[in-house]
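Q: pasting the sequence and the predicted coordinates here, then a few questions.
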Amino acid sequence: TLIIVAEPFVILLLKEKWAPMIPFLQLLCIVGLFFPMHSINTQSLVAQGKSKLSFKVEVIKNALRLFNIFIAYRFGIIYIILGEVVVSFIALWLISGYNHKYVNYGFWKQFKDIWLILAGGSLAAVFAYTIGNFIQDLLFTFIINIFTFSAVYFIFSYAFNRRLFFETIELTKNLTKSKS
């Protein structure tokens, strides 16, 4: 959602002088999409007693980051962040390859398990972004984008991934009960 509402969010919260950082924020959100899968893969390796291997993958990932910075700094921060998107994907591919080897749950099986979530999020993002382009007021754009994204995502989830939809409803109920 932050990818879609980045512009009104930044301008409303930080004001117009921060507007040039909006593309950076959006790209960093893409990097953040890889984090949960990377973290789960890392924990899976550690649970299998492969903490040394997990450490090696982290060293490789950080070496790739340094290489990225060394190559991309001449071209600007946007290229460093684009490189980080690539590095994050390579690191995920690498660590999920080891998960495939040790627990038979590699990248493509993981993708198969989450593709409906990604498809729903992507469809919701396209809808929200399209509707938001027709609105001039930043606050109204911010609110409408969040509402549109949420509505389209939940409708998509209900239509194509009901198990996840009802699990999400149940989790939300449990979280609200525990806070009361």
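A: Ah, there it is. Numbering: from 1, shown residues only.
Q: which sections of the chain are below the confidence cut-off?
A: Counting by pLDDT under 70, the chain has low-confidence residues at 180.
Q: the spatially most central residue of it is in what secondary structure piece?
A: For the chain, the residue nearest the mean C-alpha position is residue 33 (1.8 Å; C-alpha atoms, centre = their mean). For residue 33, the element it lies in under DSSP states H and E is helix 22-47.
Q: quick check: angle from the helix or strand following that helix to helix 22-47?
A: Once the chain leaves helix 22-47, the next helix or strand it forms, by DSSP H and E, is helix 51-72. Here helix 51-72 points in a direction 160 degrees away from that of helix 22-47 (axes from the mean of the first three to the mean of the last three C-alpha atoms, to 10 degrees).
Q: now residue 161: phi and psi?
A: Backbone geometry at residue 161, expressed as degrees, to the nearest 10, gives phi -150, psi 60.
Q: surely it meets residue 118?
A: No - counting by C-beta atoms under 8 Å, residue 161 does not reach residue 118; the two are 11.0 Å apart. (Each C-beta comes from the backbone N, C-alpha and C, glycine too.)
Q: the two: which is more packed in?
A: residue 161 (17 against 11; other C-beta atoms under 10 Å).
Q: for the more buried one, give me its contacts.
A: 116, 117, 120 (C-beta atoms under 8 Å, 6 or more residues apart in numbering).
Q: which one among those residues gets closest to residue 74?
A: residue 117 (37.2 Å; C-beta to C-beta).
Q: which residues touch that closest one?
A: 161, 164.
Q: lovely, talk soon.
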